[in-house]
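K.L.:
Just to be clear, the model below is a prediction. Sequence and coordinates:
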Amino acid sequence: MKAEKIWLDGSFVPWDQAQVHVMTHALHYGTSVFEGIRAYETKDGGAAIFRLREHVDRLFNSATIFRMEIPFTKEEIFEVIKETVRVNNLKSCYIRPLAFWGGEKVGLNPKDVPVRVMVAALPFGAYLGEEGLWKGVRAKISSYTRNYINSTSTKAKIGGNYVNSVFASLEVSAEGYDEAILLDTNGFVAEGPGENIFWARESKVFTTPLPTVLEGITRSSVITLAGDLGYPVVEAYTTRDELYIADEVWFTGTAAELTPIREIDGITIGKGEAGPIVRAIQDKFYKIVAGEDPAYEHWLARV
């Protein structure tokens, strides 16, 4: 999956020419910050980027936490992202802005290393599979603990942080599962490798509190939509066994969107299929991103 052009350091270059040196600091030490963003084709045939402003804000927040100065303004990156979708003639796509220490330096401290920025957009389907999006996926509690809040930042999307996610994903996929669920250092449920997690029991919806997880933009959207549909969301710590007996469990994320979980650790969740609450929120979500709900038009950046 690729597109025609990538925006790199201020100009568009052909996809195959968007290159960095093998001694680039970010390649050796994971010193990058990034976002995952989606654009959707709307009912009028155009493209709209979902909650672009919030994604750009989070990108810059990640850079601030990482003590990285992005050499472009928020407004410039906002417009570049829209232009990247236009240049590649895409309607529905995944968008990846990335800022990274791009100089050729050996040594952990990136002081005086220049910051480079790129934006790519490419066709992208259901992250955990089309069938999983509607029927649910099989998940497993990973033996790897989620990054400890005082050893790194849970609020910044830093490239190196995701090695923890890679370990978990490799572990559970080797055992035949679709996705992992990670616990925090106290043994409470944290999130997926690249997703937040929700669960429902007795018509109440719950999600993990923010201190130990990323401030997911889809997470925030689902909290709002659940409330609008009459399901207020409670932030609460939970254990793996409480997930086993939940009526519904699902992942949320830009890539995963709203993906039901039908099984955890070999235990069937609820009826073993997408439940009525996640289905209702999914229906609402897809109408919004298609531009069919004027009440949420402010969530869309028309391309």
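P.N.:
Sure thing, it's come through.
K.L.:
Which strands or helices does the lowest-mean-pLDDT helix or strand in the chain pack on?
P.N.:
Among the helices and strands of the chain, helix 130-135 carries the lowest confidence by mean pLDDT, DSSP states H and E, at a mean of 87. Taking 3 or more Cβ pairs under 8 Å, 6 or more residues apart in numbering; DSSP states H and E as contact, the helices and strands that helix 130-135 lies on are strand 257-264. (C-beta placed from N, C-alpha, C; glycine too.)
K.L.:
Going by neighbour count, which residues of the least confident helix or strand of the chain are buried?
P.N.:
Across helix 130-135, burial judged by 16 or more other Cβ atoms under 10 Å covers 132-133.
K.L.:
again with stretch 284-293
P.N.:
Going by 16+ other Cβ under 10 Å, stretch 284-293 has these buried residues: 284-285, 288-291.
K.L.:
same thing with stretch 187-205?
P.N.:
188-201, 205.
K.L.:
Take these and keep only those in helices.
P.N.:
Counting by DSSP state H, those place none of their members in helices.
K.L.:
Among the residues you listed, pick out the one closest to residue 250, please.
P.N.:
residue 198 (5.3 Å; Cβ to Cβ).
K.L.:
Wait, that closest one touches residue 256, no?
P.N.:
No - shown here, residue 198 and residue 256 do not form a contact pair, counting by Cβ atoms under 8 Å, at 11.4 Å.
K.L.:
Poorly predicted segments of the chain, please.
P.N.:
Applying pLDDT under 70 to the chain flags no residue at all.
K.L.:
any idea how far the residue lying closest to residue 104 once chain neighbours are set aside lies from residue 250?
P.N.:
Spatial nearest neighbour of residue 104, excluding adjacent residues (Cβ to Cβ, 6 or more residues apart in numbering): residue 23 at 4.0 Å. Going from residue 23 to residue 250 by Cβ to Cβ, to the nearest Å gives 42 Å.
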